[in-house]
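Q: This is a predicted model, with the sequence first.
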Amino acid sequence: MKTWGYVLPVILIGMVVVQSVDSRDIVGDPELSGRLELRGSYDDNVLLTADDYDFDLRRRDIDETEQDAFLGTLSGDLKLSIPVWDCIRKNFYYEFEFEKLSEQSSEDRQLHRLKIAPEISLTENFTWTPYYQTELDHRRDNAEYLRPDSVLNELGMEWAWRLSESDRLLLLYYYEKRNYESIRDTPFDDYQGHQGKLGWIHDFSSSTSGNLILGLASRRYEDDTLDRFGSTIVGQQRKEQRAEVGYAVTQRLSDKALLRAGYLFRDHQVRGEFYDFSSHRLHGTYIQMLPWNLRLQSFLQYEWRDYEDQQAERIRVDGATGLPYQEFTGDERSDEQTYILLQLIKDFTKAFSGGLEYQYLDNDSEDDSSSYTSNRYAVFVRYEF
């Protein structure tokens, strides 16, 4: 799909929704805010492939794993908020991202996201926000894993209650539908589904708060599902049910330091033994203000997944031919993933900042084709208004 095939619908929808605002109903000054960021990165395993051999690859030869690349990224967002009458704010959001890879031009991508979300204050402590969001993801036709262009639409509602000075209740529901461009042999399938989340935020004190999250989701994919060995089960459509529960605590250690730590459990029940798994995630964030308008931001996440039935495969090399092949071990697959993010940011002015960033990702799996590591180094500049 051509670039303008994605950009034009976003522009046209944006023009329609802005024109829908009657100037006679505006009761205050419109507010416009946004961000523009330019980033340069280097990644030593940009496709997240396994060491030496990766049978999951759809395009590349098996001796072309662990490809490194330089990446250039331009991203930004805009928010327009217009007060209408005394109890309604019409909010319009637009986000975009352009990513280009050196020597991996087939992986270039564009992302556009538009959201319309009028905020309606039904009472002083109760807000209702219906919204519509569309996401346009453009990929090159020969992208790795045959990742095709796609359009994601969401229609949802958010409710927010302030129960007391120290308690807030949040409720979210949305319906989603993703359509992929038709490409032969792609592993990505159209899907549609529903998702709901309940959040409760409690302020224990002026410096400490807790956040409880409960979630339920269901999806139906437009294709047959897979058995424990990854083979198609003809006539059985893939369906997914997901439940999650999590809790996090945020502690302001001082006026220059903040710490956040949490845990999340997810359970996926899917028709098709290949996809069933449960996961446990521990995560933590630490932010420290430094002299000379510097700040250090760090994030650490550790997650382990237990697949209920998916059979793990090991890579072997044929002694006679020297060619690799895979065989099932008889064990269920399990993964342990570690992710680290470090940022050093300098605020040059109130609106202009820049910084250095490092990301580390390690996925240790019982399945050889899913074991990989990646190191990414980046420098960025950011303008906010």
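A: Nice, I can see it. Computed from a predicted structure; not experimentally measured.

Q: Strands along the stretch 251-385 of the chain, start to end?
A: Taking DSSP state E, counting those that start in this stretch, the strands of the stretch 251-385 of the chain run over residues 257-270, 277-290, 294-317, 324-347, 352-365, 372-384.

Q: now these as CSV including mean neighbour count?
A: C-beta coordinates here come from the backbone N, C-alpha and C atoms, glycine included. Output for the strands of the stretch 251-385 of the chain, formatted as CSV (neighbours: other CB atoms under 10 Å):
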stretch, mean neighbour count
strand 257-270, 16
strand 277-290, 16
strand 294-317, 17
strand 324-347, 15
strand 352-365, 16
strand 372-384, 16
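
Q: Turn the ones you listed into CSV, columns for distance to residue 211 and mean pLDDT.
A: Output for the strands of the stretch 251-385 of the chain, formatted as CSV (distance: least, CB to CB, whole Å; pLDDT from 0 to 100):
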stretch, distance to residue 211, mean pLDDT
strand 257-270, 8, 96
strand 277-290, 12, 96
strand 294-317, 16, 90
strand 324-347, 20, 89
strand 352-365, 25, 96
strand 372-384, 25, 96
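
Q: and residue 74, which of those strands is closest to it?
A: The closest of those to residue 74 is strand 372-384. By CB to CB, the value is 10.6 Å.

Q: now the closest one, how far from the chain's geometric center?
A: Remark: strand 372-384 is offset 16 Å from the chain centroid, using CA atoms, centre = their mean, to the nearest Å.

Q: Need the contact partners of that strand.
A: For strand 372-384, contacts defined as CB atoms under 8 Å, 6 or more residues apart in numbering pick out 33-46, 48-51, 66, 351-363.

Q: got the angle for that strand vs strand 352-365?
A: Between the axes of strand 372-384 and strand 352-365, defined by axes from the mean of the first three to the mean of the last three CA atoms, to 10 degrees, the angle is 160 degrees.

Q: Next, the angle from strand 372-384 to strand 324-347.
A: 30 degrees.

Q: Could you list the paired strands of strand 372-384 along with their orientation?
A: Strand pairing for strand 372-384, using DSSP bridges, gives strand 31-43 (antiparallel), strand 352-365 (antiparallel).

Q: okay, those in CSV with distance to residue 138 next?
A: Below are those laid out as CSV (distance: least, CB to CB, whole Å):
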stretch, distance to residue 138
strand 31-43, 19
strand 352-365, 24
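
Q: Does the closest residue to residue 66 other than its chain neighbours belong to a helix, a strand or coil?
A: Spatially, and ignoring its direct neighbours in sequence, residue 66 is nearest to residue 45 (4.9 Å; CB to CB, 6 or more residues apart in numbering). Following DSSP: H, G, I helix; E, B strand; the rest coil, we place residue 45 in the coil state.

Q: State the phi and psi torsions of residue 45.
A: Residue 45 adopts backbone torsions of phi -160, psi 70, taken as degrees, to the nearest 10.

Q: From what I see, it and residue 67 are in contact.
A: Yes: using CB atoms under 8 Å, residue 45 is in contact with residue 67, at 7.1 Å.

Q: Quick check: beta-bridge partners of residue 300?
A: Counting by DSSP bridges, residue 300 is bridged to residue 284, residue 340.

Q: my guess is it contacts residue 339, does it?
A: Yes: the pair residue 300 / residue 339 is scored as a contact, 7.4 Å apart, by CB under 8 Å.

Q: Confirm residue 205 sits in a helix?
A: No: counting by three-state DSSP, residue 205 is located in no helix; its state is coil.

Q: Could you count how many residues lie near it?
A: 9 (other CB atoms under 10 Å).

Q: For residue 216, which of the strands of the stretch 251-385 of the chain is the nearest?
A: Per CB to CB, nearest to residue 216 of those: strand 257-270, 10.5 Å.

Q: Name the strands paired with the closest one and say parallel or antiparallel.
A: strand 232-254 (antiparallel), strand 277-290 (antiparallel).

Q: Hey, what's the angle from it to strand 294-317? Just curious.
A: In terms of direction (the same axes, to 10 degrees), strand 257-270 departs from strand 294-317 by 30 degrees.

Q: from now on call the first residue 279
A: Yes, from this point I'll number from 279; that puts the last item at strand 535-548.

Q: got the strands paired with strand 535-548 as a markdown table, with distance to residue 378 columns?
A: Listed next are the strands paired with strand 535-548 as a markdown table, based on distance: least, CB to CB, whole Å:
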| stretch | distance to residue 378 |
| --- | --- |
| strand 510-532 | 33 |
| strand 555-568 | 30 |
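
Q: for those, which one sits closest to residue 496?
A: Closest to residue 496 of the strands paired with strand 535-548, according to CB to CB: strand 510-532, at 5.3 Å.

Q: looking only at pLDDT, what's the mean for the closest one?
A: Average pLDDT, strand 510-532: 92.

Q: Next one: the residue nearest to residue 344 from residue 410, what distance?
A: As judged by CB to CB, to the nearest Å, residue 323 and residue 410 stand 37 Å apart.
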